[in-house]
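Colleague: No letters, just coordinates:
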């Protein structure tokens, strides 16, 4: 299975037109997108080939924090 470091490299190089930066937060990778959105990626340490993607859109993130879009 691919590592978070490899996913970070792929995001920053192959998707540089929509990716601003990547950041490691604990055991997950956060991919910051150009319009303020981001995607959190995690890989399971217990189950081989188990992973998850959690996209956060800037509009929904603002609403969750009590801000107007």
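Modeller: Here it is on my side, so go on. Since the structure is predicted, the reported quantities are computational estimates derived from the model, not experimental observations.

Colleague: next SSE after the biggest helix by length in the chain?
Modeller: Taking DSSP state H as the criterion, the chain has its longest helix at helix 4-14. Beyond helix 4-14 on the C-terminal side, the first helix or strand identified by DSSP states H and E is strand 19-25.

Colleague: buried stuff in that next one?
Modeller: 19, 22 (16 or more other Cβ atoms under 10 Å). Yep, even glycine has a C-beta here, placed from its N, CA and C like the rest.

Colleague: Can you give the strand pairings for it, parallel or anti for each?
Modeller: strand 28-33 (antiparallel) (DSSP bridges).

Colleague: relative to helix 4-14, how tilted is the strand it pairs with?
Modeller: Relative orientation of strand 28-33 versus helix 4-14 (axes from the mean of the first three to the mean of the last three Cα atoms, to 10 degrees): 10 degrees.

Colleague: So for strand 28-33, mean pLDDT?
Modeller: Averaging pLDDT along strand 28-33 yields 93.

Colleague: Could I get the average pLDDT for the longest helix of the chain?
Modeller: Mean predicted confidence for helix 4-14 is 95.

Colleague: what do you get for stretch 52-63?
Modeller: Rounded mean pLDDT across stretch 52-63 is 63.

Colleague: Count residues in the vicinity of residue 54, would you?
Modeller: Residues within reach of residue 54, counting by other Cβ atoms under 10 Å, total 11.

Colleague: What separation do you get for it and residue 40?
Modeller: Distance of residue 54 to residue 40, given as Cβ to Cβ, to the nearest Å: 4 Å.

Colleague: same thing with residue 3?
Modeller: Taking Cβ to Cβ, one finds residue 3 at 16 Å from residue 40.
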